[in-house]
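Asks: A predicted structure for the sequence below; I have some questions about it.
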Amino acid sequence: MILMGDISHQGDKLDKTIRIAIGKLTPTSFTELHDFQGNLKELSDEDYEKIKKEIVETGFSFAPHAWKDPKRRKLFLIDGHQRIKAVRRLVKDGYKVGKIPTVIVEAKSYDEAKRKVLQGVSQYGKVTQQGLFDFTVDAKIDPKLMEMSFAIPGIDLPAFNLAYFEESKLDEKEGSQEIAEGDIGSKLVHTCPKCNFQFS
């Protein structure tokens, strides 16, 4: 039994053509999108509140991906389980939602569709604390908003904010006191205690 999939050959040459396994974008009622990942992931109440906040304040912005089972003629979610779970709960709370544009994903079999669920939940690149700090400063995102709205794998956001922002605020207060004591003509520069990023 081959678990990793076949490599196609044409004669003695390796076929390096990448198969595009995406069908058309289809407006779909959330009630037509069925769970397909079992207990692979869970949505805690805390994380639900975060995703709810983002959907309500900024809209449903990322199309879910689904596979149509040819035998049962149903759409099963490949990616977007937590967003659709959140929509179901929001509708129960009185919110309304129209049809959601859904990316139809092609799969050769049930097993390949399940494999693609793992592709969907995988995060191949990792967010670094330095990268997140730079991104947050550039985007002028309130650190407290990050804690309330986002869940970033591998990053403890309260600890991150304490290390990168609270200590910076402490440095800013100390610098302001120095200026008040007579160094008014100098340019105040703050330095992040973790990465030495400087900002005024």
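Replies: Cool, got the structure. All of these numbers come straight from a predicted model, not from anything done at the bench. Numbers count the residues shown, from 1 in each chain.
Asks: P70 and A113, how far apart?
Replies: 11 Å (C-beta to C-beta, to the nearest Å). Every C-beta, even on glycine, is put in place using the N, C-alpha and C of the backbone.
Asks: can you report how many residues lie near F76?
Replies: 20 (other C-beta atoms under 10 Å).
Asks: how about F150?
Replies: Residues lying near F150 (other C-beta under 10 Å) number 16.
Asks: okay, it: pLDDT?
Replies: pLDDT recorded at F150 is 96.
Asks: please name the nearest non-neighbouring residue to it.
Replies: K50 (6.4 Å; C-beta to C-beta, 6 or more residues apart in numbering).
Asks: ok, the one you found to G154 distance?
Replies: Relative to G154, K50 is positioned 16 Å away (C-beta to C-beta).
Asks: please say which of the two ends up with more neighbours.
Replies: K50 (19 against 10).
Asks: ok, the more buried one touching M146?
Replies: No: using C-beta atoms under 8 Å, K50 is not in contact with M146; the gap is 9.7 Å.
Asks: next, the buried residues of stretch 107-121.
Replies: 107, 113-114, 116-117, 120 (16 or more other C-beta atoms under 10 Å).
Asks: so what touches it?
Replies: For stretch 107-121, contacts defined as C-beta atoms under 8 Å, 6 or more residues apart in numbering pick out 5, 21, 36-37, 40-41, 65, 67, 69, 76, 78-80, 105.
Asks: out of these, grab the one that's most surrounded.
Replies: For these, the largest neighbour count, defined by other C-beta under 10 Å, is 26 neighbours, found at I78.
Asks: and the strands in the chain?
Replies: Along the chain, counting by DSSP state E, strands occupy 9-10, 13-14, 22-28, 33-34, 65-69, 74-79, 100-105, 190-191, 198-199.
Asks: okay if I get those strands as CSV plus mean pLDDT and distance to V137?
Replies: As requested, those are arranged in CSV below (pLDDT from 0 to 100; distance: least, C-beta to C-beta, whole Å):
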stretch, mean pLDDT, distance to V137
strand 9-10, 54, 50
strand 13-14, 76, 45
strand 22-28, 95, 35
strand 33-34, 98, 37
strand 65-69, 98, 32
strand 74-79, 98, 30
strand 100-105, 98, 33
strand 190-191, 56, 11
strand 198-199, 59, 7
